[in-house]
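[1] Here's my sequence, what's the structure:
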Amino acid sequence: MTQPTNTVTRSPFLQSLYDERHELEAFIERTVAGAMTGGTDGARRDLSQTEQETLTRTRTRIGQLDDQIQPLEEFEQLRSAGDASARNHPVRPTPAAQPGAGEGRTALGMRVETRVHNYRTRGECIVDQLRAAPQNLGGQSDQAARERLLSAGVIYAGISDADIAVARANARDAANRLAQDPTQARVTQVTGDTPGILPVPIIGEVMNDVDAARPFIDSLGAKGLAFTGETFKRPVITQHSAVGKQTTQATTTGVGTQKLVIGSVTFTKETWGGYLDVSRQDIDWTSPAAWDAILNDLQEQYALQTENAAADAFAAAVVASVEVVGAAGIPGGGDLKAWITALYGAAALAYTGGGRLPDKIWASLDMWSGLGPLIESQVSTNQQPGSSSVGSFTGDLLKLPRVVVPSFPNGTLIIGVSRWSEVYEERIGLLTAVLPSVFGVQVAYGGYVAYNTLKAGAFAKVVNIAA
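    The predicted structure follows:
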């Protein structure tokens, strides 16, 4: 949105539109900045589907604000031009002092006192302000009205700079006289006397305490689910063919022979979603609009619940484990060497079961907070067992990406080959239906999710039984 080139005073409503627009721009910048450093090892990551949908709605709202701002900005420019024209109204010359005339005296030497005009009602003052305004601002250029306003210390539209100084001086004199008059009772107006006109503004965006990131699903990469059927199968080799060394020429002696057996792992599609009946009044009368808050919350809850379901099923499927030796106390207790030894043992199990070296480590929240200080203590001595930060869940351990999964059960630390666990997803997205009989709208958001572990032996847990 192009800003005005000249300085104008914005109305409170126009300023509120600009404030909301700036907040939306800041929200977009924060979201993009988070994606720039939110990937593995602080690298750039793709925007999640939730973030993309939120940014689309944010851009739409900015367009709606611009449609309101443009005509109001043009009106403010016109009003500013009118004020500038009014300032060209010729200043009334001040009569020069005549010889022999002193302060407060006429040319004949008679002493006079400036008569202060006291307005009995606010309405009288408003009428004079309308009369005193120049004709190009809809007034009558009434000289007598201007004199009364100046003597009372009131500034009117189109007033000159010189008359502004006169009005302010008269206002100060009136205040001093009032303060020195013992017969005048002082009345102080406070906000408690005007509760009916005190606004209660709603400032800024709706604060949310939900982390809708999906670290576990993002670590695997959700695959598309746009195909028919309630279930589907993933083929997995359960028995390989055999190869052996021939011991006698022209015979099969020693040569291997075994069937190649291909089994399957079944994935079941699950439907996740939520809905809400929203009154039309809640949509039209709230600020910020309740509609945006409801849609954002439904999307975030969908992301959170599907992440938890997939992560919990994965953690339950992993049964192989290696115990940490000599690490008593809370998870992460003991020395780092004991944990590294156990991780290498678990990595060996994962390689044996999956035929690949491990490529990721998944940790529960308490394991992240327990191992973090041990890693930091070694970094301070120029050792590099990994990286960790209290300000980010991203990091690494033994040069493998370490993924913190807040929904994991306490004490969970898993190492393995990520290709042997899969998640599939197809988002239905937003559905709405008008409810005319109750003046409302029903809104729903959901999607289909399927997840399973193809080979549980490709993963192993590191457990601390003494914890």
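[2] Going by C-alpha atoms from here, please, whenever you check contacts or count neighbours.
    Fine.
[3] Quickly list the domain ranges of this structure.
    Using automatic domain parsing, the domains assigned to the chain come out as 12-86, 215-230+269-463.
[4] Pick the most buried one from the ones you listed.
    domain 215-230+269-463 (a mean of 18; mean count of other C-alpha atoms under 10 Å).
[5] And for the residue nearest to E307 when sequence neighbours are not counted, the neighbour number?
    Among residues not flanking E307 along the chain, R214 sits closest, at 5.6 Å (C-alpha to C-alpha, 6 or more residues apart in numbering). When neighbours are defined as other C-alpha atoms under 10 Å, R214 has 18 of them.
[6] so where is the stretch 201-350 of the chain shaky, pLDDT-wise?
    202-211, 287-288, 326-334 (pLDDT under 70).
[7] Contact partners for L14?
    I69, L72, E73 (C-alpha atoms under 8 Å, 6 or more residues apart in numbering).
[8] Now do the contacts for the first one.
    Applying C-alpha under 8 Å, 6+ apart to I69 gives the contacts L14, L17, Y18.
[9] Please report how far it lies from E124.
    35 Å (C-alpha to C-alpha, to the nearest Å).
[10] where along this protein do the strands fall?
    223-224, 231-239, 261-268, 270-279, 321-323, 360-363, 386-389, 392-397, 400-404, 413-416, 421-435, 440-453, 459-463 (DSSP state E).
[11] With respect to G196, which of those strands lies nearest?
    strand 270-279 (27.2 Å; C-alpha to C-alpha).
[12] what's in contact with that closest one?
    298, 302, 306, 438-450.
[13] how big is the angle separating that strand from strand 440-453?
    160 degrees (axes from the mean of the first three to the mean of the last three C-alpha atoms, to 10 degrees).
[14] hey, C-alpha coordinates of strand 270-279 in PDB?
    Extracted in PDB, the C-alpha atoms of strand 270-279 (Å, rounded to 0.1, in the frame of the first residue of the first chain):
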ATOM      1  CA  GLU A 270      -8.300 -42.200   9.300                       C
ATOM      2  CA  THR A 271     -10.600 -39.200   9.200                       C
ATOM      3  CA  TRP A 272      -9.700 -36.300  11.500                       C
ATOM      4  CA  GLY A 273     -11.600 -33.100  11.800                       C
ATOM      5  CA  GLY A 274     -13.700 -30.700  13.900                       C
ATOM      6  CA  TYR A 275     -16.700 -28.400  13.300                       C
ATOM      7  CA  LEU A 276     -18.300 -25.400  15.000                       C
ATOM      8  CA  ASP A 277     -21.600 -23.600  14.600                       C
ATOM      9  CA  VAL A 278     -20.900 -19.800  14.500                       C
ATOM     10  CA  SER A 279     -23.600 -17.200  14.800                       C
END
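[15] how far off strand 231-239 does that strand point, in degrees?
    150 degrees.
[16] Who does strand 270-279 pair with, and is each partner parallel or antiparallel?
    Strand 270-279 pairs in its sheet with strand 440-453 (antiparallel), by DSSP bridges.
[17] Now do the strand it pairs with and strand 261-268, the angle between them.
    Using the same axes, to 10 degrees: strand 440-453 against strand 261-268 is 160 degrees.
[18] Now do strand 440-453: distance to the chain's middle.
    23 Å (C-alpha atoms, centre = their mean, to the nearest Å).
[19] hey, C-alpha coordinates of that strand in CSV?
    The C-alpha trace of strand 440-453 is given here as CSV (Å, rounded to 0.1, in the frame of the first residue of the first chain):
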residue,chain,number,x,y,z
GLY,A,440,-25.5,-18.9,11.6
VAL,A,441,-22.8,-20.7,9.7
GLN,A,442,-21.5,-24.2,10.4
VAL,A,443,-17.7,-24.5,9.6
ALA,A,444,-15.7,-27.7,9.6
TYR,A,445,-12.0,-28.5,8.9
GLY,A,446,-10.4,-31.9,8.4
GLY,A,447,-8.5,-34.4,6.4
TYR,A,448,-7.5,-38.1,5.9
VAL,A,449,-4.4,-39.5,7.5
ALA,A,450,-2.7,-42.9,7.3
TYR,A,451,0.5,-43.9,9.1
ASN,A,452,2.4,-47.1,10.0
THR,A,453,5.9,-48.4,10.5
